[in-house]
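Chemist: compute the structure for the input listed below.
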Amino acid sequence: HEGISELMIRRNLYQINYVYKVHTDEGLIGIGDDGRQPDAEIQKYIGRNPFEFMSGHAPTPLQQAFYDIMGKALGVPVHRLIGEKVHDKVPIGYWSIDMTPEEWANEAKRAYSLGYRVHKIKARPGFEIVEQVQSISQAVPSDYKLRVDANGTFETPARAIEVAKLLRDYNIESFETPIPQDNIDGYREIKRECEMPITIHFGSPDPVEAIKANMTDSFIIAYPDSRAANAVREATIAHSAHLPVWIQIVGLGITTTYMMHLNATMPNATMPAITLSCLRANDLIKPSIQMENGYATVPDKP
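Modeler: Below you'll find the predicted structure:
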């Protein structure tokens, strides 16, 4: 959107997405979106039956398109093809790269006005995170939560604990990957020393090891595990440990709609998902995806 267009172009971030149309002999067309797929990869699926990929093992944009075709062919919403629907509404979060406090505050105002209630922000050692968080908190009502993502850049438990304690008076939903995820003992130290919930990406370290070590309070399911079969399996593993998950797939409104169907089948997918379609001037979906108090309603038709 206009407010961050220049910034995103300057940072060369998420400028291009590709929309894929998959045609069938019966005349049904499925759509999906993601980054560009190699032509050789696409050729593998020419002449195949979309129902061969009902388990979700295909590149993300083609998987979305295949599910779209299957839903249209059967006259059912995609979530019926993935599992039992357990959520009528799913939470979705807003997203921002590391910016100045003023830019973050403006984005938070926009997000709140659109109906978002959780905002994932990038935290970096070179930026004054407390000043940035304070700026957002002053710009929006008190029910607006922040998800602080360091991408492992705080490096040491001591630095992560220092930041967490500085943010303790703010409405922080979770602290994402404060230090490299292979530092299991470091995460255990962080959890001992601060009350801020920790979230890590599923897969590193081995999730069973992470659960046994009690190093996290939640899991992120992201590429490539956002494919349906992988995502459902991983959510089930986390659910067995009574841990919530959230899905992260960068894309347009098509991706967000797919995520909503997938999220609807996961009992423990209770934390706001991230897709970044909120940054686009148009989500390409008709009717447009509507947020209300942090939630969007799961579609009930193909």
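
Chemist: what is the burial count for L284?
Modeler: Neighbour count for L284, taken as other CB atoms under 10 Å: 18. Yep, even glycine has a C-beta here, placed from its N, CA and C like the rest.

Chemist: just confirm it is within a helix.
Modeler: No - counting by DSSP: H, G, I helix; E, B strand; the rest coil, one finds L284 to be coil, located in no helix.

Chemist: against G32, how distant is the residue nearest to it when sequence neighbours are not counted?
Modeler: With sequence-adjacent residues excluded and distances taken as CB to CB, 6 or more residues apart in numbering, L284 is closest to G253, at 4.6 Å. Noted for G253: a distance of 12 Å to G32, by CB to CB, to the nearest Å.

Chemist: and those two? which has more neighbours close in?
Modeler: Using other CB under 10 Å, the more surrounded residue of G253 and G32 is G32, with 26 against 19.

Chemist: report the mean per-residue pLDDT for the helix or strand hosting that one.
Modeler: Assignment of secondary structure by DSSP states H and E places G32 within strand 29-34. Across strand 29-34, pLDDT averages out at 94.

Chemist: now swap in stretch 177-195 and tell me
Modeler: 94.

Chemist: need the contact partners of it.
Modeler: 149-152, 154-157, 159-161, 163-165, 168, 175, 198-201, 204-205, 209-210, 213-217 (CB atoms under 8 Å, 6 or more residues apart in numbering).

Chemist: kindly recompute the last result at 6 Å.
Modeler: 150-152, 154-155, 157, 160-161, 164, 200, 204, 213, 215 (CB atoms under 6 Å, 6 or more residues apart in numbering).

Chemist: so for that stretch, what gets flagged as buried?
Modeler: By 16 or more other CB atoms under 10 Å, the buried positions in stretch 177-195 come out as 177-179, 181, 183-184, 186-191, 194.

Chemist: coming back round to it: out of the contacts of stretch 177-195, which end up buried?
Modeler: Counted by 16+ other CB under 10 Å, the contacts of stretch 177-195 give A150, G152, F154, P157, A160, I161, A164, I200, M215 as buried.

Chemist: next helix or strand past the helix or strand harbouring A231?
Modeler: Per DSSP H and E: A231 is located in helix 228-240. Counting by DSSP H and E, the next helix or strand C-terminal to helix 228-240 is strand 245-248.

Chemist: now for that following strand, which elements pack on it?
Modeler: Judged by 3 or more CB pairs under 6 Å, 6 or more residues apart in numbering; DSSP states H and E, strand 245-248 is in contact with strand 218-222.

Chemist: buried set for the strand it packs on?
Modeler: Neighbour-count burial for strand 218-222 flags S218, F219, I220, I221, A222 (criterion: 16+ other CB under 10 Å).

Chemist: parallel or antiparallel, list what pairs with it.
Modeler: Paired strands of strand 218-222, with direction, are strand 198-201 (parallel), strand 245-248 (parallel) (DSSP bridges).

Chemist: how about low-confidence regions in the stretch 1-150 of the chain?
Modeler: Low-confidence segments of the stretch 1-150 of the chain, defined by pLDDT under 70: 126-127.

Chemist: and the strand holding G32, what does it pack against?
Modeler: Here strand 29-34 touches strand 18-23, helix 60-74, helix 253-263, going by 3+ CB pairs under 6 Å, 6+ apart.

Chemist: buried ones in that strand?
Modeler: Buried residues in strand 29-34, counted by 16+ other CB under 10 Å: G30, I31, G32, D33, D34.

Chemist: can you tell me what sits against it?
Modeler: By CB under 6 Å, 6+ apart, strand 29-34 touches 17, 19-23, 60-61, 64-65, 68-69, 251-252, 254-255.

Chemist: out of these, the closest to I82 would be?
Modeler: Nearest to I82 among the contacts of strand 29-34: Q64, at 11.9 Å, using CB to CB.

Chemist: any idea how far T236 is from that closest one?
Modeler: In terms of CB to CB, Q64 sits 22 Å off from T236.

Chemist: likewise for H87?
Modeler: With CB to CB as the criterion, H87 and T236 are 15 Å apart.

Chemist: same drill for those two, tell me which one is more crowded.
Modeler: For H87 versus T236, neighbours defined as other CB under 10 Å are more numerous around H87 (18 against 14).
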